[in-house]
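K.L.:
The sequence and its predicted three-dimensional model are supplied below.
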Amino acid sequence: MAIIEAPAPDQLALPSGEVDTEFKPAGVFTRPKSGSTGWKSWLTTVDHKKIGIMYGATALVFLLIGGFEAILIRVQLWSPRGTLLSANTYNQVFTMHGTTMVFLVVMPIGAAFANYLMPLQIGARDVAYPRINGYSYWMYLFGGIFLNTSWLLGGGADGGWFNYAPNNGILYSPSHGIDFWNMGLLITGIASLAGAVNLIVTVLNMRAPGMSLMRMPIFTWMTLVTQFLLLFAIPVLTVAQVLLMMDRTFGANFFNVAKGANPLLWEHLFWIFGHPEVYLMILPAFGLVSDMLPVFARKPIFGYPFIVFSGVAIGFMGWGVWAHHMFVSGIGPISVTAFSLTTMFIAVPTGVKILNWTATMWGGKLRFTAPMLFSIGLVTMFTIGGLSGVTHSVAPADTQQTDTYYIVAHFHYVLFGGAFFGFIGGFYFYWPKVFGYMLNEKLGKANFWLMLLGFNLTFAPMHILGLQGMSRRIYTYDAGYGFDLWNKVATIGAFILASSVFLFIFNIFYSRSKAKSLPPVGADPWDARTIEWMIPSPTPEYNFDPIPTITRVDDFWYRKYGETTDGKLVRIAETDDVVQKRSDGKHIHLPSPSYWPIVSAFGMPIIGYGLIFNLWLCLIGGIIVVGGLYGWALEPADDPDAAHDDHDPADHGSDDGSAAAAITEGADAGDVATEKEPETVG
Amino acid sequence: MSRRSLGLRIFGAAVFAIIVALFAALIYGAFQNNGKPLDTFVPNGPSSQEIQNLVIPVFAIAGVVFVGVMGAVLLITWKFRTKTSDDPEAFPEQIHGRTGLEIGWTILPALILAGVAVGTVATIINLNKKVDGAIEVQVAGQQWWWQYKYDLNGDGNFDGPEDITTATEMVVPAGRAIQVTTTSNDVIHSFWIPGLNGKKDAVPGLRSPLKLEANDPGVYRGQCTEYCGLSHANMRMLVRAVTPSEYESWVANQLKGHAADPTDAKALAGKTTWKSLCAQCHVIKGVNDEKMKTATVPLTSGVAPDLTHLMTRGTFAGSILNLYDPVDPNDPSVTLPASDVAAAGDPGAALTGGTVDTSRVNRVSLEAWLRNPAAIKPNYAQGGRGMPNLGLTEVQIDELVAYLETLN
Amino acid sequence: MANAVQAHESVAQADAHAPHAHIDHDTNTGISNTKLGMWLFLASECLLFGGLITTYLLYKHPLEGPTPKEIFDIPFTSTSSFVLLMSSLTMVLAVSAIERGDHQRLRIWLGATALLGATFISGQIYEFTVFVREGLGFTTSRFSSAFYTLTGFHGVHVTVGIIMLMSLVLLSLRGKLPEHRSETVEIIGLYWHFVDVVWIFIFAVVYLIP
Amino acid sequence: MAITSHDPIPTSQLDGAVKDYSRDKVYVLTALFLGVLTVVEVLTYAFPDFPAWSGNLVIAVLMILMAIKFFTVVYIFMHLRFDKPILSWIFWAGLGLAAGVYFVVMCTFRIFWPGSHG
């Protein structure tokens, strides 16, 4: 916000014909005061770090919910003819498990890292639109809660996370579950879209001096790619969901076969979104690992440009492979062949990444800390998922594999063994930076081994279950098909996996209580490379003081170490001398908190309930949303009492008079909100 | 690594050993086909064989890469680990990349995949080749069973008097190609007989081709693989490959109707019950096939399975229950040993219209089904999707079974 | 070796000397955040409208009910399309006015743009009522569902645009839109023009192509 | 970077080439041009037998006219012609992706082959 709400220089302002000093803010609502404590500060915060923490914490809560659903699934499948869940409940549970894990756990953890880390990695004060950032978070939270209230209001969605038409129609799924699924994901979709615009602008516009694109940390690069994928993928899902809503709520014929609808339309729209979705879940974890491996190998990443461009290539090629989810749907041999080939070759940039990571470790001095173990876990487990992925790309093979447990194994190796291992590693790595204390290393290593064991016991047997013909999404199986043994192994594994997640949560609290008796953790506990480690831990509210000037990749590392011409590394400065000292930050201009993001976000689930139960509720929700957006637009751009930069007194004159900029930002939010207009209007 | 973390190291080593053992067991298990009825690695037809011929080398390549990468990572983590004796301020050589090497390992996988691509394209072309003189069968999925219509005279129409409509089981002659067309009466299903070919979705409003051919006579089981709602798990299918001569007699029998009343009084009473209750949804050719054309029952999914030749099938209720052969009386579902599942439910002479061996009829399952279908196969009978609980008395059930046993 | 080390040392000192006064006001691309954000949003809107248009093209031949050919009133729609097209002209004139500091003209052109937009929306509402009277309800056929959803979605975008334009007029009237904020007008103009180009596409593909 | 966001970069500074003569005149002429194209578009409907767009040619003619109008608005009215290239890249990315992806979808539905659908 510092940027858009900054005043105009005089030479441009003066010829306006209107005297600047008479220029009053449009604002009529007071903003909450800046301050970093108290529960209220969390509700009104626009600080990317707090929002990042809230994303992470919320995602972990949803992880427990989704994990509980997973345990229910595994217990049901422990033996033939399991009786824990009825068919109906089971179908809801696996649908909600998939939906929760994808939309409410993995994506938001990516968003948590992107929010917290990316501005630090590029040396920015905050994201481009701090209030929209808060809005994104609240939309995600309310969307997630809305989705899960379906359990209390007539049952969850029962169509699978992919919700194929026409099974998602009112005729075949008359309960409100799918309505909740639809509205909930529309709401979180708005959050993702707003977040994508926000983060892309941040990366493109707000880098520190000298931080050219090719000097950015790889996590930032992957965030950029990810957010572009979101930017373009979310609208496609929105289209599909709007069509579905029109069908279910207003009797349209988009998926009504009797009126000539083609059910494959849903499949295409869903997977055009769905496949980039897969990459946008995995790429942030790739970014984290690419930043962590060099730290613990004490070597630079092997082939920075290759790692970066392979990530970009994955993002780009990810748009040309969606129909590999539809090899058996009857799209015809030409389409099958084309998509089979594109899918095969997306393995190339992925393979490049694996090999470059391996080469990064080669010749290094490897320190097997918890983050390093999780990183290696990702490299190996993702390799398995990648290889089974290649076997799917072979379309004739896929006709035997698709919709069996072999696929379930594959994508869990990719999303759990890939994305989630990377994220847990990232939690261990960045915990000191965020909270100022280290997570216990021994518990961390135990956590890794337990998770690796549980993970493999759960999902490796699914490969063979699938190849032996066990279909996906079945609530029961009969004896005599040979599925008993490996299902039992998988269920045992699931409990081990659950215990490893609890060990992680235990570690958080255990380490926090222990941390009180330990010396405070320094700015750079890992001897790390990227500039977020230059600033004190936990990160000060103002991030950097001063903003560093970047001269190369791993800038912070090369402030500590020099590299001789023959590649030898020598220390040139003590870490304590190059890291920044905590300042009072009084002279730094930070965006002010605001009530309006949470207020206007709160209207959305009400509109959602309205579309399901009573259209009058939509009116109430709509008033809250629109009122919230107007309040947003009319709020003073800044807290006049907040600290300002004192270096440029000229700034002061009109600093709080930037109402039009506030309108611009408000208007911008309004634009983002057009995404949801079909709900308010339709 | 201090001595204090010894326990952790032992734990890590143990986990590592377990995982290695797990993968060894899985790979071993993959090559054990103890008659697992849905195993994808036991091809018994030209199409599935074609797929197998492609899958094996692809899995082999994947296996080599797997071993290579895992080996490399293990080797590297061992070789380059920090030892306690190392100087903490000593650094490894700083390598920023080797462009040549990286281009190499970009091109190498691309080349390997190009090879795989060639095989893939060739296989896709082969699998989609039309076979002349194939038997045309339309397979329609419905919540939660399959309907088969044979176009015997090849006129492109599946509902002529010369054509056959049957359900649950598809009878085919071994060694002869079947051109299947999949479609659906309600939601998307997927038709999959792993032993004969890959799967093909049955999409409402769409007709998709699938080639099937069994090399040998036998029973080939399948499972619906596209999630299709409540009882998706209970939607199975079965292809019964028989000798060409058996097939001819089967066809001849299927073309007949059942106009004549059964001689047995109990069965006759059963027929009355059938006509008053079951006939609202089911068809027995020669009994109520005309009525079905003007049926007023609001069936979301069209119609219920054709029962004209029920006893020629080995299974019923979407192939989840065996119509023949004893089962554990305490469990109406099939709980026979794995090796028996493939062969279970043999209708014997009844297949071609011969006498029904009533001693072998699985009355336990049949009666349980009539007592309360939803208890065995959850459904939405009130929404017209699935068989309702008709509230039959035990006497009625007994009579009905007696009547059904005459439907050969 | 000494040289290399020297170089890095000087780098490490660079921040202190860097003129950080304006650092957090710079944008790397030279484009303001708001404008960049608007373009990103418009780029993503392409995927949204693309999906709706694809759906329409897939479903444009109904199995029952009126067909597009029977129901479209091309002269009427051409007129309203022309109105929307001309609102783009008034929009750029508004941007041009505020850049010159001509606040009077700014308000006139913004008002004219909003008025033209409102005319277009009225025409659309009228068109819909006529269609419904001729038997093309929302649920009549796959064509009707796709048509109403696509054009309705566009209409909602126009309506949002009108609300934003009116807000700008109000701000300007209250003297809260000085010309160093001309970018605000320009950005809302971008949105308005985008809505117009979408209609250019819809008009040709939905109405005119037989 | 020399340009900062608190210079809100009036477009007049960016498109120096146009500034020298009346920008408004350019806009009016552009709108006239667009109006003429729209008239031609409508003529294809009013006189379907005109040889320049007879038969299936009318689709090509309409698509070309539409594209010209589309890009005229985008490049002149939306200033893309005069703005930073990155904005063009972003817009093209979205538009190109949408065009490419949805074109493929339509191909798999075979809607460009008359009679095969609907």
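P.N.:
Yep, it's here.
K.L.:
can you map out the strands along chain A?
P.N.:
Using DSSP state E, the strands found in chain A span residues A:561-563, A:569-571.
K.L.:
Leaving out the residues flanking it, which one is nearest to the residue in chain C that chain D sits nearest to?
P.N.:
Across chain C, no residue is closer to chain D than C:Ala43, which sits at 2.8 Å (Cβ to the nearest Cβ). No exception for glycine: its C-beta is placed from N, CA and C like everyone else's. Once its chain neighbours are removed from consideration, C:Ala43 has its nearest residue in D:Gly94; the separation is 2.8 Å (Cβ to Cβ, 6 or more residues apart in numbering or on different chains).
K.L.:
domains for chain B, by residue range?
P.N.:
Here the domain assignment for chain B is B:11-79+B:106-127, B:135-244, B:265-404, based on automatic domain parsing.
K.L.:
Adding mean neighbour count and distance to A:Phe142, write the ones you listed out as a markdown table.
P.N.:
Output for the domains of chain B, formatted as a markdown table (neighbours: other Cβ atoms under 10 Å in any protein chain shown; distance: least, Cβ to Cβ, whole Å):
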| stretch | mean neighbour count | distance to A:Phe142 |
| --- | --- | --- |
| domain B:11-79+B:106-127 | 17 | 40 |
| domain B:135-244 | 23 | 29 |
| domain B:265-404 | 18 | 32 |
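K.L.:
could those domains be laid out in CSV, adding distance to chain A and mean pLDDT?
P.N.:
As requested, those are arranged in CSV below (distance: least, Cβ to the nearest Cβ, whole Å; pLDDT from 0 to 100):
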stretch, distance to chain A, mean pLDDT
domain B:11-79+B:106-127, 2, 92
domain B:135-244, 2, 92
domain B:265-404, 4, 80
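K.L.:
Mind putting these into JSON lines with distance to B:Trp250?
P.N.:
Converted to JSON lines, the domains of chain B look like this (distance: least, Cβ to Cβ, whole Å):
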{"stretch": "domain B:11-79+B:106-127", "distance to B:Trp250": "19"}
{"stretch": "domain B:135-244", "distance to B:Trp250": "5"}
{"stretch": "domain B:265-404", "distance to B:Trp250": "5"}
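K.L.:
Contacts only, for the closest residue to chain D within the stretch 201-350 of chain B.
P.N.:
Taking Cβ to the nearest Cβ, chain D has its nearest neighbour within the stretch 201-350 of chain B at B:Leu206, 10.7 Å off. B:Leu206 is in contact with A:262-264, A:330, B:183, counting by Cβ atoms under 8 Å, 6 or more residues apart in numbering or on different chains.
K.L.:
Name the helix or strand for the residue nearest to C:Ala43, please.
P.N.:
For D:Gly94, the element it lies in under DSSP states H and E is helix D:85-108.
K.L.:
Give me the buried positions along that helix.
P.N.:
Across helix D:85-108, burial judged by 16 or more other Cβ atoms under 10 Å in any protein chain shown covers D:87, D:90-91, D:93-95, D:97-98, D:101-102, D:104-106, D:108.
K.L.:
before we move on, what about stretch B:250-269?
P.N.:
Burial within stretch B:250-269, assessed by neighbour count using 16+ other Cβ under 10 Å, is assigned to B:250-251, B:253-255, B:258, B:262, B:266-267, B:269.
K.L.:
Check chain D for the residue nearest chain B and tell me.
P.N.:
Nearest residue of chain D to chain B (Cβ to the nearest Cβ) works out as D:Phe109 at 10.7 Å.
K.L.:
burial of the closest residue to chain D within the stretch 451-600 of chain A, as a residue count?
P.N.:
Of the residues in the stretch 451-600 of chain A, the one nearest chain D is A:His589, at a distance of 12.3 Å by Cβ to the nearest Cβ. Each residue near A:His589 was counted by other Cβ atoms under 10 Å in any protein chain shown, and the total is 22.
K.L.:
Dihedrals phi and psi, it?
P.N.:
As for A:His589, its main-chain torsions (degrees, to the nearest 10) stand at phi -80, psi 120.
K.L.:
who are the neighbours in contact with A:Ile464?
P.N.:
Taking Cβ under 8 Å, 6+ apart as the definition of contact, the neighbours of A:Ile464 are A:486, B:26, B:29-30.
K.L.:
So which of the residues you listed are in strands?
P.N.:
Using DSSP E to define strands, no part of the contacts of A:Ile464 is located there.
K.L.:
ok, which of these also contact chain C?
P.N.:
Within the set of the contacts of A:Ile464, contact with chain C (Cβ under 8 Å from any Cβ of the partner chain) is found for no member.
K.L.:
tell me the pLDDT at C:Phe128?
P.N.:
With respect to pLDDT, C:Phe128 has a value of 96.
K.L.:
Go ahead and confirm it touches C:Phe147.
P.N.:
No - counting by Cβ atoms under 8 Å, C:Phe128 does not reach C:Phe147; the two are 9.6 Å apart.
K.L.:
residues in contact with residue 29?
P.N.:
As the question left the chain open, I've gone with chain A. A:Phe29 is in contact with A:595-596, A:631, A:634-636, counting by Cβ under 8 Å, 6+ apart.
K.L.:
you looked at the wrong chain, it should be chain C
P.N.:
Residues touching C:Thr29, when contacts are defined by Cβ under 8 Å, 6+ apart, comprise A:204-205, C:36, D:1, D:84, D:86.
K.L.:
where along chain C do the helices fall?
P.N.:
C:2-17, C:33-59, C:68-71, C:74-100, C:103-133, C:142-173, C:182-202 (DSSP state H).
K.L.:
If we go by neighbour counts, what in the third one is buried?
P.N.:
To tie it back to what came earlier, the one meant is helix C:68-71. Of the residues in helix C:68-71, C:68, C:71 count as buried by neighbour count, 16+ other Cβ under 10 Å.
K.L.:
Residues touching that helix, excluding its own?
P.N.:
Identification of contacts with helix C:68-71 by Cβ under 8 Å, 6+ apart yields C:60, C:131, C:134, C:136, C:143, C:147, C:206-207, C:210.
K.L.:
how far out from the middle of the chain is that helix?
P.N.:
How far helix C:68-71 lies from its chain's middle: 28 Å, per Cα atoms, centre = their mean, to the nearest Å.
K.L.:
same question, the last one
P.N.:
Taking the mean C-alpha point of helix C:182-202 and that of its whole chain, the gap between them comes to 4 Å (Cα atoms, centre = their mean).
K.L.:
and the direction of it versus that of helix D:85-108, what angle?
P.N.:
Using axes from the mean of the first three to the mean of the last three Cα atoms, to 10 degrees, one finds that helix C:182-202 and helix D:85-108 are set 20 degrees apart in direction.
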